[in-house]
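From the sequence below, what's the structure:
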Amino acid sequence: MPFLLSLSRRIDRFSELIGRSVAWLVLAAVVISALNAVVRRAFNISSNAFLEIQWYLFAAVFMLGAGYTMLRQEHVKIDVVSGRFSKRTQIKMDIVGICVFLFPFVYMIIKLSMPLVINAYQIQEMSSNAGGLIRWPVFALLPLGMLLLGIQGLSELIKRVAFLQGLIPDPTKKQGAKSPEEELAEFLLHKEVAAREAALTGAQK
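Purely as a prediction, here's the structure:
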């Protein structure tokens, strides 16, 4: 298990690096969009390439960030159901979900998408729009994103098994997230401070 936990930490660091790097693509998309709008308005010049590169960047953020999103525990969960069970039962449900649903899903998407990527690369498929971009790089984002998601899924599986063995704390707690109790205590504290300030202001008047 120590080797697997070491592997999990390496995967987590890799996913963190990918996620933080991919985040810059959002800024790139915004800059390109702004420049495209300015050039189109000022010089009446535009190209479908400007529009398509924005779509490519969005696809890259969405697909390449899937593993990072899983690392941060930000994927959608049906908490209204799982929240009724104990933490150990929730972890066991996660393990079943990863093994029965996530891994087969990742495998099938990669298997089905790779022939499309290979074919697009071989024929150097281009966009059908005038001035459009080559297609295979954006096609390749699908299997690559699924691969990154599957790798992070392996890390999550290792952490959940380790938790059941009592080796690590709860791996499902969002990093940097506050518990409902902490949020309530902070809310009440803010209310108390605001009430005191209001009372002090009233007394001074």
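
Next secondary structure after whichever strand or helix holds L25?
Using DSSP states H and E, L25 sits within helix 2-43. Next along the chain after helix 2-43, taking DSSP H and E as the criterion, comes helix 48-64.

quick one: average pLDDT of that next one?
The average pLDDT for helix 48-64 rounds to 89.

before we move on, what about stretch 12-21?
Taken as a whole, stretch 12-21 has a mean pLDDT of 92.

and the residue most central in space within the chain, what does it touch?
For the chain, the residue nearest the mean C-alpha position is T69 (2.5 Å; C-alpha atoms, centre = their mean). Neighbouring residues of T69 by C-beta atoms under 8 Å, 6 or more residues apart in numbering: G19, H75. Every residue, glycine included, has its C-beta placed from N, CA and C.

quick one on the thing from earlier: what angle separates the helix holding L25 from helix 48-64?
Put simply, helix 2-43 runs at 160 degrees to helix 48-64, going by axes from the mean of the first three to the mean of the last three C-alpha atoms, to 10 degrees.

which intervals of this structure have sub-threshold pLDDT?
Residues of the chain meeting the criterion pLDDT under 70: 78-81, 174-188, 190-193, 195, 198-205.

how about a cut-off of 90?
Residue ranges of the chain with pLDDT under 90: 1-4, 23, 26-55, 62, 72-91, 93-94, 124-135, 163-205.

picking that back up, please point out which parts of the helix or strand hosting the residue nearest to the centre of the chain sit buried.
Here T69 sits within helix 66-71, counting by DSSP H and E. Of all the residues in helix 66-71, those buried under the rule 16 or more other C-beta atoms under 10 Å are A66, G67, Y68, T69, M70, L71.

and R20, how far is that from L148?
Plainly put, R20 is 14 Å away from L148 if you go by C-beta to C-beta, to the nearest Å.

So between the two, which is more surrounded?
Counted by other C-beta atoms under 10 Å, R20 and L148 do not tie: L148 has more neighbours, with 24 against 11.

Name the nearest residue to the more buried one, ignoring sequence neighbours.
G67 (3.9 Å; C-beta to C-beta, 6 or more residues apart in numbering).

do the same with L4
Spatial nearest neighbour of L4, excluding adjacent residues (C-beta to C-beta, 6+ apart): I158 at 4.8 Å.

Could you verify my assumption that the one you found touches R10?
No: I158 lies out of contact with R10 (C-beta atoms under 8 Å); the separation is 10.8 Å.
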